[in-house]
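Student: sequence first, then the predicted structure:
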Amino acid sequence: MDDELKFPLSVYIKLRDKVSGFEKVLYQSKYRDVDHVLYQWIDGNYSCDCNRSLLLWDWNGEKTLECSSGENQIELISIHNAKTGEVIYG
Ligand SMILES: [Zn+2]
């Protein structure tokens, strides 16, 4: 099965660093459905500053923020469906 069928949901993710105010919109095309993307960003790998910092600053693993305990430094602002524009989060 090709990725388009297996992971049909592509999204725009908007992140913001609370310290510097730096914002970035990411494109990701690897989700099965709305529950999958919300899980990853609320409870899964992307809920933590260590992984969010890699995506926000393109550090390629050289440097990351510490794991967030409770409140994130890198805030998830919004998630939109990249095809329809529908708001998934935010
Ligand atoms: Zn972490």
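Tutor: Arrived safely. Numbering: from 1, shown residues only.

Student: could you give the number of residues near the closest residue to Asp33 other than its chain neighbours?
Tutor: Distance criterion C-beta to C-beta, 6 or more residues apart in numbering; nearest residue to Asp33, sequence neighbours excluded, is Leu9 at 5.8 Å. C-beta coordinates here come from the backbone N, C-alpha and C atoms, glycine included. Using other C-beta atoms under 10 Å, Leu9 is surrounded by 18 other residues.

Student: now Val25
Tutor: Neighbour count of Val25, defined by other C-beta under 10 Å: 11.

Student: do the same with Tyr46
Tutor: Quick note: Tyr46 (other C-beta under 10 Å) scores 21 neighbours.

Student: wait, it touches Arg52, no?
Tutor: Yes - here Tyr46 reaches Arg52: they are 6.2 Å apart, a contact under C-beta atoms under 8 Å.

Student: what do those two both touch?
Tutor: Leu76 (C-beta atoms under 8 Å, 6 or more residues apart in numbering).

Student: helices of this protein, start to end?
Tutor: Per DSSP state H, the chain carries helices over the ranges 3-6, 34-42, 49-57.
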